[in-house]
Every structure is written in C-alpha cells, then in structure tokens.
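>>> this one's sequence-less:
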C-alpha cells in the first residue's frame, strides 16, 4: 500500500524551508511505503527535500530513492523527470537506469565469488594462472584479490584515443596494459581490473557475461527488469543518458564508451536495473548476511568475506571484493552509517549503500548525465545518506 504525499504536506515542507517552488515545478513526487506493524513511521522529508533541492539546482533532471530496513522498503520516492529531450518525460518508479559501475560489485564480483565457492577460482592466485596472456608487461603477479580491490596498479581505463572495437581488440589492449604502480602497493580505481575479471568469468563459465548474469544472479533473485543488454520491452522505460559521438541520444545502450566499444557490456559496466530490483538484491544480501532465509546466490561466509576489507595489509583505502568500504569514493556512506557498511556508485548517477550492522540500505538512482553530462550528485549522495540515517535513528 502506498500513501502519496499530498499538497498539504508539500506546503508544510516548503514552509519549513525543506522544499523549493522550483523543485515542485520539476515534478517532485514522493511515495512512502508503510513500515512494519507497530513500528513508528519515520519521516524522510529531509532526504526528499535534498533530492528536490538538487534537481532545482540542476544536479540531475530526476531521481528514484528507495530505503530498506529489516526486509522491507520503508521509504520510496520518485522525483523530477526521466528525460528532458527530445521529449520530456516524468520520472517513474519503474524507470530502468544504466547502473554503470554498480555492475562491478552486483554482477562481476559476485560471479567471481560464485566461481570461488565452486572451487574453480582462488582469489590469491594470479589472473595469469587462468588467462596466461595477461602476464605480459609486468602483470604476472597480479592476483584476483588485487583486481577485485583495485590494488593491481593498472591504469584507470583502456585508451580510447584511437579507433578500436570488439571484445577481441579489448582483450588485446588489456594484455598490452602495464601497471603504473607496483601491484599491491597503491589504490587506483581501474575499469581494466573488472574488464579483465569479466573475461575471466566468461572463460571459466563458458557463458557470455549477460548469459551468466541472467542465469546465476538475476533470475535466482527475481530481478525481472534487470539485464546486461536490455531488451526491447523495457527500452521505453530506460532513462536516457547522453548524446553519443554521432549525436544520437543513448537510451537502452550502455553509456560507458569502453563497454559500448566492446558490444554493449563488460565486467565494469553494462547492467541496467530498477529501484525495485536493486531493493530486491539489497534485501536478499542483508538477509543472507544476517543468516535469515534468502535467495541471495552466495553463502553467508563467502558474502561476509566479499563485503569486509580485503585490500592488502596495511593499506588505507578499504575495499571488499568489488565493494567500496572506506575510500575516497565512499561519500554515499554519509556521516552516520556504520564502519561496517559498504556500497558503490555509478558514473551515470546511480548509487547503493548497505549497512549490515543496522540492517538497512539506501539506493539513489539519478540520471545526472542527461542530457549533456554536466550534472553532479556526489554531494547529494552524502546528504541523502545522512538524512536517511537520521530518519532511521542511526
């Protein structure tokens, strides 16, 4: 059951200085799900107002916010517009977002850990043990652990200054890449790490990454609107991102230029999903971490390992396997979520933060790159997380 926030509440928010008239004109709408029986319903007005203010300031055209706790969605809200060009569209709860780098933990790292559980991979073995060509140019000692935690020393991305396309050419460029720091010494957030891991999943499983994800992750979790390479039925609900190099608005086609050259998906980008599906994923993850019944496709022990610090000893930037815990990019933690919490962001404006200690999560999905790439939601993620945590009495 949903309760739509009415004009009286909006007037109250505005009177309290929590909602601007410009944000109302942008189409800010909030829908709040009922909390569990006998639990007092917290007010998420401050989080909602932060999103509306950000839209008013041009940080993003629209957003979808979901907060979960103890197995329930306790707050959900829809704001602004899904598209501003070529035709304006209001944001909807079932909007499909290009999740960008959330592909890394939600799909690729999870797939790696599933294969670890099956005894097919070892995180402390070099990638070259499984893909021998990878050893070239000083990469022979780079282990799966270093790739998963971004301590491989590899540069941030494959070069795009010259024309190339296809997965075979991408792999040749991964092989040609050389570390810019000694492996294990320095944290460098690198898409190459997860491009390589995506190839590893395909090699070991014998399936393409979209096939593997659908069979072993998305379908078991019941994530019906999620996919790498989304199909035509969901395309009309996809939030468009930017104009590509040919002047075509990207919609249902991956925004990341490297993944786009690789055929629309890779280990670092390519997942499309909705707030409902991200909430489903997060709830199942929290249930598994807590030892409750869960469909999450990983054991409790392996999941705990995956979501706790796994970086090399003595290194300050804390990373799990695929997940950010405490690094320069951990702004979606806000000021109040526990030090045990973890999450990730996506370049397109998506984010997810999960706190097992407090049994809660917050996902904020925005279309901040639409239509020209000039939006920015780094501050908004922090503000929303802090406001949500206060509402949950954390």
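In hand now; what should we look at? All values reported here derive from a predicted model rather than from experimental measurement. Numbering: from 1, shown residues only.

>>> drop to CA atoms for contacts and neighbour counts, all remaining ones
OK.

>>> return the distance of residue 209 relative to residue 165.
18 Å (CA to CA, to the nearest Å).

>>> those two: which is more packed in?
residue 209 (24 against 15; other CA atoms under 10 Å).

>>> you'd agree residue 228 is up against residue 208?
No. With contact defined as CA atoms under 8 Å, residue 228 does not reach residue 208; the gap is 10.3 Å.

>>> so for the two, which residue has more residues nearby?
Between residue 228 and residue 208, counting by other CA under 10 Å, residue 228 is the more crowded of the two (27 against 15).

>>> quick one: contacts for the nearest residue to residue 326 once chain neighbours are set aside?
Using CA to CA, 6 or more residues apart in numbering and skipping the chain neighbours, the partner closest in space to residue 326 is residue 318 (4.8 Å). Shown in contact with residue 318 (CA atoms under 8 Å, 6 or more residues apart in numbering): 309-311, 324-327.

>>> let's go with 10 Å and repeat that
Residue 318 makes contact with 149, 187, 308-312, 324-328, 330, 342 under the criterion CA atoms under 10 Å, 6 or more residues apart in numbering.

>>> same check, this time on residue 354
Contacts of residue 354 by CA under 10 Å, 6+ apart are 67-69, 282-283, 285-286, 307, 325, 332-333, 337-338, 340-344, 360-363.

>>> three-state assignment of it?
Here residue 354 is strand, with the state taken from DSSP: H, G, I helix; E, B strand; the rest coil.

>>> quick check: chain neighbours aside, which residue is closest to it?
What sits nearest to residue 354 in space, not counting adjacent residues and going by CA to CA, 6+ apart, is residue 361, at 4.3 Å.

>>> hang on, that neighbour packs against residue 352?
Yes. Here residue 361 reaches residue 352: they are 7.3 Å apart, a contact under CA atoms under 10 Å.

>>> sec struct for residue 73, please.
Classified using three-state DSSP, residue 73 is strand.

>>> so the residue nearest to residue 354 versus residue 386, what's the distance?
For residue 361, the distance to residue 386 - CA to CA - is 12 Å.

>>> need the per-residue pLDDT for residue 313.
Residue 313 is assigned a predicted lDDT (pLDDT) of 96.

>>> hmm, it is touching residue 184, no?
Yes. The criterion here is CA under 10 Å, and residue 313 meets it with residue 184 at 9.2 Å.

>>> more neighbours, those two?
Neighbours around residue 313 and residue 184, counted as other CA under 10 Å, are more numerous at residue 184. The numbers are 21 against 10.

>>> separation between that one and residue 317?
Counting by CA to CA, the gap from residue 184 to residue 317 is 12 Å.

>>> give me the common contacts of the two.
149-151, 311.

>>> buried subset of the residues you listed?
With neighbours counted using 16 or more other CA atoms under 10 Å, the shared contacts of residue 184 and residue 317 contain these buried positions: 149-151, 311.

>>> of those, which pair is most distant in space?
Using CA to CA, the pair of those lying farthest apart is 150 and 311, separated by 8.2 Å.

>>> having no further points to raise, I will conclude here.
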